[in-house]
Structures are given as structure tokens and as C-alpha cells.
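Visitor: Mind folding the following:
(chains A and B)
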Amino acid sequence: MSDAHAGDAAGLEVGFFLDWIERTASAVAAEKERLTSLDAAIGDGDHGTNLDRGFTAARAALEAKPPEFPGAALVQVGTTLISSVGGASGPLYGTVFRRTGKALGEAESVSARELADAIAAGLAGVQKLGGASVGDKTMVDVFVPALDALLAGLADGASVDGAFGAAADVAESAARSTIPLRARKGRASYLGERSEGHEDPGAASAALLWRALAESVGGRAR
Amino acid sequence: MKLVGVVLVSHSPKLAEGLAELVRELGGDQVPVIAAGGMDDGSLGTSYGRIERAVSEADQGAGVLLLGDLGSALLTVKTLLDEGVGQEARAVLADAPFVEGAVAAVVTASAGGDLESVRAAAEEARLFRKL
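Guide: Model (predicted):
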């Protein structure tokens, strides 16, 4: 194959998912201070520290017990986040990863479309758990439009790289779009209108996850 | 007689332990009341493992009622129950105020109330006016 879609047919295997988690862990570590200072403005000022602890633990867990297939990798990450983060982001991100992983089942290789559908299951799980909708100033404000962009890109026949890249762009702009919103979930919701004018830390970390995903897709072996 | 167990989940180990002390005083020492506050190292936060252990400690065979203080304590308990933890112990989460709910739950449990009545007592505690 010599067209722009060369390699798109190749499935995503466990190594891809380990790379995604590795990139996410590095991004969270690099942005730890920024996430924490966003959280200090409207939350309890521990988002960066908590997520960094969680992804550091997840990275160690994957090394200690290497998963055999993609779904197992994500379930393991989710379980580790739930038990190691300590703040609300543990159960929330933990649920995203566990549900996404469970939706992938035991397949050794998944298509981009299958991954997108599995992320939709992860998003549904976290929305059920936290009860947040779009506009509540949470990670959901990033996941919903990013996933829509990904599904639209894949359906339009865009390259897989392009579809994930576009989704990450949408995720980053969606995170910034939480700035004027008034928080309706979590600790920030107690602040009422004083939560306006600050980027939501959960939305900011969600954008890191989408960018890491796009980078893993762009950097995968063909 | 097997009594319903009560698990108190808080970000703060001191808050959970202090409340456990208070409700044991008010509800007698027959009811298994287990505090699951903070992280494993004693810092503020919610520990999946601590809650899991507290549920099995509180389980006498009559069910276990969990009460949580805020955000991540409740999210962690909901996640854990969704994962099937505490299924054997018949653990349920109360939609109740932490202090008043715990008092109502323990008093009801000490009188031999079943899991549904203990949960209902905790949830009705939200209606108590203070003034």
C-alpha cells in the first residue's frame, strides 16, 4: 500500500497501549505543577500530585505484571488508579480506563474504530458514576467533543493519524473552553460563580490523555 | 444475633475515627462500626483497600451500610460496589448526611434492624432540622 492510509488497517496491539500509558504518565509528570495550580484555584490543590502518583503506580504495575492484551492493560491501569490516587480523579479516571478496557475484551489487536467505541463505553461509565454532563466544568467537557471528533474523523475516511490528531486538538480547545463555565460538580461547585474564570483541572488532564493518545497513534510502528 | 455493620468513609482518618467513637457511644458497642478514613499512609484521601477491608471487618452476616463524607469518598465507594466488592457482605451505600446518618444507622442497627431499615434510618436523617 502506498496511499496515505498505509498502515491504518494494522490493529493496535498491547505495545501501543503501553506506549499510550507511558506518554500519559510522562505528560502528567511534566504538567504536574500546572494541574495542581489549576486545582488550587477552584479545588483542593492536589490534582497534579494525585494523578502523578496514580500514573507512576500504573506504570510500575504494568512493568511488574505485563498485560497480555490491550483490554487487560487498560483494566490494570484503571484498577491501579482507583487504588492509588486518593482523590476523586482516582475512581473517575479509573472507571474510564477499566470500562474502556473491559469493552475491548480479550482481543489481541483492536481497530481504531473499536478503540473509539470502547472509549465511548468508558465515558458512559464515568458519566454514570459522577453524574456529570457537558457544561458542568469537568473532564466530560473534554471527552465528549474529542470522542465525537474522533468518530467523525474515522467515519469520514480520514487517516487514523489525522482522526486522533483532530480529536486531541478538539480536546485541548475544549479544556480551555471550561474557563468561563461555572462548576456544577465536585468541590468547585461549592464556589458557585467564583469557579468561573478558571480552567477545570480535570478537563486539563483529560486533554493530556487525548494528546498522548494521538502521539502514540502517530508514533506507532507500521 | 447478627447485626448490620456500618462503615464510615472519610477523607480524614481523624474524622472517620472520631465519628466511629461518637456513634459507638450513642449506639452501644454491639454494632460493628469500622472507620475507613484517609489513605494507607494516614494522609488525607480515600483508600480503596481500606474500604474493602473495613467492609469485611464490619460484616457479621446481616449486611453492611456504608456512609461517606464528600466527593471522592462517595465516588470510591460507588466504584468499589460497581466492581462487585462487598457483594458477599451485601454492602450498600447510604445517601445520607455523614454524622446524623451514622448515628441513626447505628442506633437502628443496635436495635436489631435489618439492612433496609438501617439504610432507611440513615437516609431519613437528612430531614432532621436543627433549628
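Visitor: Can you show me the helices along chain B?
Guide: Secondary structure of chain B, counting by DSSP state H: helices at B:13-27, B:48-58, B:71-82, B:98-110, B:115-124.
Visitor: Actually, chain A.
Guide: A:14-30, A:32-42, A:47-64, A:70-84, A:89-104, A:112-130, A:140-155, A:160-176, A:201-219.
Visitor: before we move on, back to that, for the helices of chain B, could you give me TSV that also reports mean pLDDT, mean neighbour count and distance to A:Gly122?
Guide: Every C-beta, even on glycine, is put in place using the N, C-alpha and C of the backbone. Formatted as TSV, the helices of chain B follow (pLDDT from 0 to 100; neighbours: other C-beta atoms under 10 Å in any protein chain shown; distance: least, C-beta to C-beta, whole Å):
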stretch	mean pLDDT	mean neighbour count	distance to A:Gly122
helix B:13-27	94	18	31
helix B:48-58	93	21	18
helix B:71-82	89	23	13
helix B:98-110	96	24	30
helix B:115-124	96	20	30
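Visitor: can you redo the ones you listed as JSON lines with distance to chain A?
Guide: Converted to JSON lines, the helices of chain B look like this (distance: least, C-beta to the nearest C-beta, whole Å):
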{"stretch": "helix B:13-27", "distance to chain A": "12"}
{"stretch": "helix B:48-58", "distance to chain A": "4"}
{"stretch": "helix B:71-82", "distance to chain A": "4"}
{"stretch": "helix B:98-110", "distance to chain A": "16"}
{"stretch": "helix B:115-124", "distance to chain A": "18"}
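Visitor: Could you find the residue in chain A that comes nearest to chain B?
Guide: A:Gly86 (2.8 Å; C-beta to the nearest C-beta).
Visitor: Surely A:Ala88 and B:Lys78 touch.
Guide: No: the pair A:Ala88 / B:Lys78 is not scored as a contact, 11.0 Å apart, by C-beta atoms under 8 Å.
Visitor: Phi, psi for the closest residue to A:Gly197 other than its chain neighbours please.
Guide: In this structure, A:Gly197 finds its nearest non-sequential neighbour in A:Ile179, 6.4 Å apart by C-beta to C-beta, 6 or more residues apart in numbering or on different chains. Main-chain dihedrals, A:Ile179, degrees, to the nearest 10: phi -50, psi -50.
Visitor: go on, the one 5 residues further on?
Guide: Summarising the backbone geometry of A:Arg184 under the convention degrees, to the nearest 10, its torsions are phi -120, psi 0.
Visitor: and the closest residue to chain A within chain B, what does it touch?
Guide: In chain B, no residue comes nearer to chain A than B:Gly45, which is 2.8 Å away by C-beta to the nearest C-beta. Listed by C-beta atoms under 8 Å, 6 or more residues apart in numbering or on different chains, the contact set of B:Gly45 reads A:50, A:85-87, B:11, B:38-39, B:72.
Visitor: please redo it, this time with the cut-off set to 7 Å
Guide: Shown in contact with B:Gly45 (C-beta atoms under 7 Å, 6 or more residues apart in numbering or on different chains): A:86-87, B:11, B:38-39.
Visitor: what do you get for A:Glu193?
Guide: A:Arg182.
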